[in-house]
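In: Need coordinates for the below:
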Amino acid sequence: HKTLLDCYHSSVCVCGFFFLVYFALQVIYARRKYKISPPETKGHPEFERIFRAQANCSEYFPIFVSLLWVAGIFFHQSAAAVCGLLYLYTRFKYFQGYAVAAQERLGPMYASARLLWLLLGLAVVGLLAHFLLP
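Out: A predicted model of the protein is given here:
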């Protein structure tokens with residue numbers, strides 16, 4: 001029988017999926033608004049920023065999910081889940097900022113990078129403890 005604690009990082013992973021869907025829908029809406037048909041990726045600057053923000057978030061998602069799961073399994077589910085939720089929040093703020101102006105993405109981008117490094121650290125500590133401690 002699974003407890004709520006057993007589901008934390010899984011739930012964060014599912015939330016991340018919905019964030020990716022939201023970002024993809026924003027690209028579709030921007031394509032319609034600015035009449036930019038696929039496969040075109042150039043056009044109105046707002047479309048280009050939304051397109052790049054979505055692509056960047058998608059590119060980092062496999063790294064995020066991998067670190068989330070390893071940290072959750074080998075370090076601690078709750079710690080990984082909290083880092084994961086904070087990461088998703090910073091990526092959402094990144095997306096929102098980038099849609100407004102390229103400079104607006106920088107603060108959330110640095111914050112999300114720090115959270116990925118933290119997840120990596122948790123994952124490494126958890127793996128080392130698993131393999132080196134009796």
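In: which residue ranges form the helices in the chain?
Out: Listed in chain order, the helices of the chain (DSSP state H) span 8-34, 45-74, 77-100, 106-132.
In: now those in a markdown table, with mean neighbour count and mean pLDDT?
Out: Heads up, the C-betas are built off the backbone N, CA and C, glycines and all. Shown next, in a markdown table, are those (neighbours: other C-beta atoms under 10 Å; pLDDT from 0 to 100):
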| stretch | mean neighbour count | mean pLDDT |
| --- | --- | --- |
| helix 8-34 | 15 | 95 |
| helix 45-74 | 18 | 96 |
| helix 77-100 | 20 | 96 |
| helix 106-132 | 15 | 97 |
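In: and stretch 20-29, how far from the chain's centre?
Out: 14 Å (C-alpha atoms, centre = their mean, to the nearest Å).
In: what does stretch 100-116 give?
Out: On C-alpha atoms, centre = their mean, the centre of stretch 100-116 falls 11 Å from that of its chain.
In: what sits up against that stretch?
Out: The contact list for stretch 100-116, computed with C-beta atoms under 8 Å, 6 or more residues apart in numbering, reads 49, 53, 60, 63-64, 67, 83, 86-87, 90-91, 93-94, 96-98.
In: again, only using 7 Å
Out: 49, 53, 63-64, 67, 83, 86-87, 90-91, 93-94, 97-98 (C-beta atoms under 7 Å, 6 or more residues apart in numbering).
In: cool, and stretch 73-81?
Out: For stretch 73-81, using C-beta under 7 Å, 6+ apart, the contacting residues are 5-6, 8-9, 12, 68, 71-72, 119, 122-123, 125-127, 130.
In: Okay, now it: how far is its last residue from its first?
Out: 11 Å (C-alpha to C-alpha, to the nearest Å).
In: now that stretch, how far from the centre of its chain.
Out: The answer for stretch 73-81 is 17 Å, by C-alpha atoms, centre = their mean.
In: This completes my enquiry, with thanks.
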